[in-house]
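> the sequence and its predicted three-dimensional model are supplied below.
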Amino acid sequence: MMSITFLALFALMPYVALGQSSRLEWAPEDMYNPIDEPVNCGLRKNEPSYICDPNKILGEHVNSFNWILRDAAYNSTKCPCSNYYCETERGPTGYRISIAIVKKMKIQTNIDGRRNSPEDQAQLFAYRLENSKWNFGRCEEDIVIFYSHDDKMLAMYGGSTALKKLTPYYRQLLAYKVGQRFNEGHIVEAFNNLLVDLKLVLNCESESHDCNLHQIRDGAGFISVSMAVLSMSVVMTVYNSIWS
C-alpha cells in the first residue's frame with residue numbers, strides 16, 4: 001500500500017565521530033533492524049530498540065536516545081490510531097519514532113542507471129526503512145530520522161498518519177530550530193532538541209499557537225522560517241501521492 005510520506009534533508013557541517021565499525025558505507029538493505037538486532041545497532045542490551053547506530057557515532061548516548069524513543073512510543077506521545085486500537089492494544093500506542101545513523105551512505109544507481117545524488121540516496125534510505133525494512137508503525141504513525149555522518153545529510157520520512165501533525169510548516173520550523181546545532185557539530189544536543197520539539201508537535205491539539213515552538217532557542221528571532229531554512233542549506237522535498 002502506498003503511503004503518504006515526507007522528507008526533510010539538511011546539508012550539515014562536519015563534526016567528530018565518536019566511534020567506528022568495520023562497515024563504513026551503508027545501503028538501506030545493509031542496515032540492521034534495532035528491534036531484532038539491537039546489539040549490532042550499538043545498544044548495550046539485547047532488547048528491542050528504536051535506534052540503530054552501528055558505527056557508534058553517538059557513542060554511549062545511543063542508549064539514552066533509545067530510552068527517549070521508547071518513551072515516545074509507550075508514554076509521551078498520544079495514540080494516533082483508531083479508538084479501538086488505542087483502547088485495546090497492550091503494547092506501545094504512541095508514535096513510533098526511530099533513528100538510523102551511519103558513517104557514510106553507499107551511493108546506488110537509479111532506474112536510469114545513473115548514480116544517485118547524496119540527497120536522493122538519503123531520500124531512498126529513509127524511505128526504505130520507513131516503508132519496508134523497519135516499518136514499525138501500526139497505522140502509518142511511524143517516523144524515521146536518518147543521518148549520514150560523512151555525507152552530512154539528515155533525512156526524515158514518515159507515514160500518512162504522522163503527516164496529519166507534521167505539516168510542511170512544522171517541518172520547516174523543526175528544521176529551523178535544530179539546523180544551527182547540527183552545523184556547529186553538536187549532534188547529541190541537536191538530536192535531543194529535535195525529539196523534544198517533534199513530540200510537542202505530535203501532541204499538539206491546536207495549530208493556532210505554533211505548538212509552543214515559537215520561542216526559538218538562543219534568542220534567535222522568529223523572523224522568516226523559510227529564510228532561516230535557506231541559510232542552513234536545507235532542501236525540503238514533499239512527496240505527494242494523494243495528499244497536498
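Arrived safely. What you are looking at is a predicted structure, and each value in this text was computed from that prediction instead of being measured. Numbering: from 1, shown residues only.

> pLDDT weak spots in the chain?
Applying pLDDT under 70 to the chain flags the ranges 1-21, 206-209, 214-244.

> mind listing the strands for it?
All strands of the chain, identified by DSSP state E, fall at 6-11, 25-26, 51-52, 96-102, 104-105, 142-148, 153-158, 234-238.

> let's have those in CSV, adding mean neighbour count and distance to residue 198.
C-beta: built from backbone N, CA, C; applies to glycine. Shown next, in CSV, are the strands of the chain (neighbours: other C-beta atoms under 10 Å; distance: least, C-beta to C-beta, whole Å):
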stretch, mean neighbour count, distance to residue 198
strand 6-11, 22, 11
strand 25-26, 18, 24
strand 51-52, 28, 14
strand 96-102, 26, 7
strand 104-105, 18, 23
strand 142-148, 26, 7
strand 153-158, 26, 9
strand 234-238, 16, 16
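
> please tabulate those in TSV and include distance to residue 191 as additional columns.
Listed next are these as TSV, based on distance: least, C-beta to C-beta, whole Å:
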stretch	distance to residue 191
strand 6-11	12
strand 25-26	18
strand 51-52	10
strand 96-102	7
strand 104-105	18
strand 142-148	8
strand 153-158	9
strand 234-238	16
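
> for residue 118, find the nearest of those strands.
Residue 118 lies closest, by C-beta to C-beta, to one member of the strands of the chain: strand 153-158, at 5.6 Å.

> with adjacent residues omitted, what lies nearest to the residue most central in space within the chain?
Nearest to the geometric centre of the chain sits residue 145, at 1.5 Å (C-alpha atoms, centre = their mean). Take residue 145 and drop its neighbours on the chain: the residue closest to it by C-beta to C-beta, 6 or more residues apart in numbering is residue 99, 4.8 Å away.

> from residue 109, how far out is the one you found?
The spacing between residue 99 and residue 109, counted by C-beta to C-beta, to the nearest Å, is 27 Å.

> please list all residues in contact with residue 135.
By C-beta atoms under 8 Å, 6 or more residues apart in numbering, residue 135 lies in contact with residue 142.

> show me where this protein has its helices.
Remark: helices assigned in the chain by DSSP state H are 61-71, 83-88, 118-128, 160-163, 168-183, 187-203, 225-231.

> format those as TSV; extra columns: mean neighbour count and distance to residue 210.
Formatted as TSV, the helices of the chain follow (neighbours: other C-beta under 10 Å; distance: least, C-beta to C-beta, whole Å):
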stretch	mean neighbour count	distance to residue 210
helix 61-71	19	22
helix 83-88	10	26
helix 118-128	22	25
helix 160-163	22	18
helix 168-183	20	7
helix 187-203	20	9
helix 225-231	15	10
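
> format these as a markdown table; extra columns: distance to residue 32.
Shown next, in a markdown table, are those (distance: least, C-beta to C-beta, whole Å):
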| stretch | distance to residue 32 |
| --- | --- |
| helix 61-71 | 13 |
| helix 83-88 | 28 |
| helix 118-128 | 13 |
| helix 160-163 | 23 |
| helix 168-183 | 24 |
| helix 187-203 | 19 |
| helix 225-231 | 32 |
